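Chemist: sequence and computational prediction follow.
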Amino acid sequence: LLEDQDGSIWAGGPSGQVWQWRDSTWRLYDGTNGVPVGNLRSLARGSRAGEVWGGSQNLGLAYFTNGSFQRPMVGNDFPEQPISAVWVDRDGAVWLGTAGGGLGRLSRRKLHYWGKSASLPDSKVSSVAEDDDGILWVATETAGPWQFAGRRFTKLADRAVDGNYPYHYTALRTGDGSIWMAGESVLLRFRKGQATQSYMSDELWHNAIHALCEDGTNVWLGTLNASGSSLFKCDGTALERMATNGTFGGRIASLVREAPETFWIGCVGGLYRWEKGRVRQWTTQDGLLCADIQALHRDPDGTLWIG
């Protein structure tokens, strides 16, 4: 799900389909409008008004402009791999995380791709965050966290980044400039000029963190383990379990803040609203088209969009 500069809501779907909500009407775009074939796994707001970028699971990349999707002109270094993440940076360059390992950069319609030749191991890029210095923090599913600067990847030379915790699924930049990275039984906080904070507690053991959300000075975590999913809060010093296993159905895939300690939570088992310990659930019996909620977006006016 994505909201563009004009306030339109975009939703990526299967079989090369993208929907746009504008002026109280849904419009469908598909292959006849230039949408790449396959499941749209990621959407990103472009640097120009009305521009939206989409990455497909079937090797496709396109951008929306002037009422239709267009394919960018790329060279032979285009990554022939499924695109799992798309990000547009402050300079308007488009960054592509690929499922087969590697990061691509499309600048002024020219694609640059960095993978093994730029020192990144063969691992899926699952999430990207940009810090205040323009350095990209790259979460990989099997090789841990990396940084990208100066056209090269660098493995973090940090004692807190233990090789025993290579599985990272999500990255987040918070308002204080911190970079948070999380994955299998691990939560890390990086701040410029300060020692890395590592949150390794028994509570977090065997929990896979797939969702992060900022709430004031706190960061909330959505997890999955063998017994179910859990909700944690980190105040920067310690972790606190806010919901026990079994409160939510299946993996927590998305967290969106509504108000202090009030969140919308997307899970395999439906949509949940958490308000200071009170929980309500919505399923297909309440009108959801599908109970497997993978993405959430909340408008400034309070409208919740569900993918």
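Modeler: Right, received. Where do you want to start? Worth saying up front: this structure is predicted, and the values here are computed from it rather than measured.
Chemist: can you pull out the low-pLDDT segments for the stretch 101-250 of the chain?
Modeler: Across the stretch 101-250 of the chain, the ranges flagged by pLDDT under 70 are 101, 108-111, 122, 162-164, 226-227.
Chemist: which residue ranges of it form strands?
Modeler: Using DSSP state E, counting those that start in this stretch, the strands of the stretch 101-250 of the chain run over 103-107, 110-114, 125-130, 136-140, 144-149, 152-155, 168-173, 179-183, 187-190, 197-198, 208-215, 218-224, 229-234, 239-248.
Chemist: who's in contact with the residue nearest to the spatial centre of the chain?
Modeler: Central residue of the chain (CA atoms, centre = their mean): residue 127, 5.5 Å from the mean position. Residue 127 makes contacts with 85, 97, 138, 139, 168, 169, 170, 171, 181, as judged by CB atoms under 8 Å, 6 or more residues apart in numbering. For the C-beta atoms, the positions are set from N, CA and C on the backbone; glycine is no exception.
Chemist: tell me the spacing between it and residue 194.
Modeler: Distance, residue 127 to residue 194, by CB to CB, to the nearest Å: 22 Å.
Chemist: what's the answer for residue 53, then?
Modeler: Counting by CB to CB, the separation of residue 53 from residue 194 is 34 Å.
Chemist: looking at the two, which one has more neighbours?
Modeler: The neighbour comparison of residue 53 against residue 194 (other CB atoms under 10 Å) goes to residue 53, with 26 against 9.
Chemist: before we move on, back to that, how about CSV for the strands of the stretch 101-250 of the chain, with distance to residue 41 added?
Modeler: Listed next are the strands of the stretch 101-250 of the chain as CSV, based on distance: least, CB to CB, whole Å:
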stretch, distance to residue 41
strand 103-107, 14
strand 110-114, 18
strand 125-130, 11
strand 136-140, 15
strand 144-149, 20
strand 152-155, 22
strand 168-173, 14
strand 179-183, 19
strand 187-190, 24
strand 197-198, 30
strand 208-215, 15
strand 218-224, 19
strand 229-234, 22
strand 239-248, 23
